[in-house]
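1. what follows is a predicted structure for the sequence shown.
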Amino acid sequence: MAAITSQTFQDRPLLSFPRVTDVLAAGARLMRAAWVAAPKGASVRSAADEAEAVRRMADGWMDSDPAFAADLYAAAARHESMPSGH
């Protein structure tokens, strides 16, 4: 003789109250973590420093994509020659 088992299932609403509060609490923790990890002040870099960083990036691309590296070098030169504040 075969046994027949019965189970009772309960439907939970998709947006039940505990789930909403859990999501809001997780969002608040995420916002706090982002706030704490955010830089406290913008560092001021000169155009020459920024151009040098772009040139270093171009050096890394020279072997695999020389045309892109050339564009980066040109952009660095343009950026360095621009008046300050732009």
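-> Alright, I've got the coordinates.
2. so for whichever helix or strand residue 32 is part of, mean pLDDT?
-> Assigned by DSSP states H and E, residue 32 falls within helix 17-37. For helix 17-37, mean pLDDT is 78.
3. same question for stretch 59-79.
-> Averaged over stretch 59-79, pLDDT sits at 92.
4. how far does that stretch sit from the chain's center?
-> 24 Å (C-alpha atoms, centre = their mean, to the nearest Å).
5. circling back: now the helix holding residue 32, how far from the centre of its chain.
-> 18 Å.
6. give the next helix or strand downstream of that helix.
-> Following helix 17-37 toward the C-terminus (DSSP H and E): helix 47-61.
7. who's in contact with that next one?
-> 68, 69, 70, 72, 73, 75, 76, 77, 79, 80, 82, 84 (C-beta atoms under 8 Å, 6 or more residues apart in numbering). The way it works is simple: take the backbone N, C-alpha and C, and place the C-beta from them, glycine included.
8. columns secondary structure on top of the residues you listed, output as JSON lines?
-> What follows is the contacts of helix 47-61, written out as JSON lines (DSSP: H, G, I helix; E, B strand; the rest coil):
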{"residue": "68", "secondary structure": "helix"}
{"residue": "69", "secondary structure": "helix"}
{"residue": "70", "secondary structure": "helix"}
{"residue": "72", "secondary structure": "helix"}
{"residue": "73", "secondary structure": "helix"}
{"residue": "75", "secondary structure": "helix"}
{"residue": "76", "secondary structure": "helix"}
{"residue": "77", "secondary structure": "helix"}
{"residue": "79", "secondary structure": "helix"}
{"residue": "80", "secondary structure": "helix"}
{"residue": "82", "secondary structure": "coil"}
{"residue": "84", "secondary structure": "coil"}
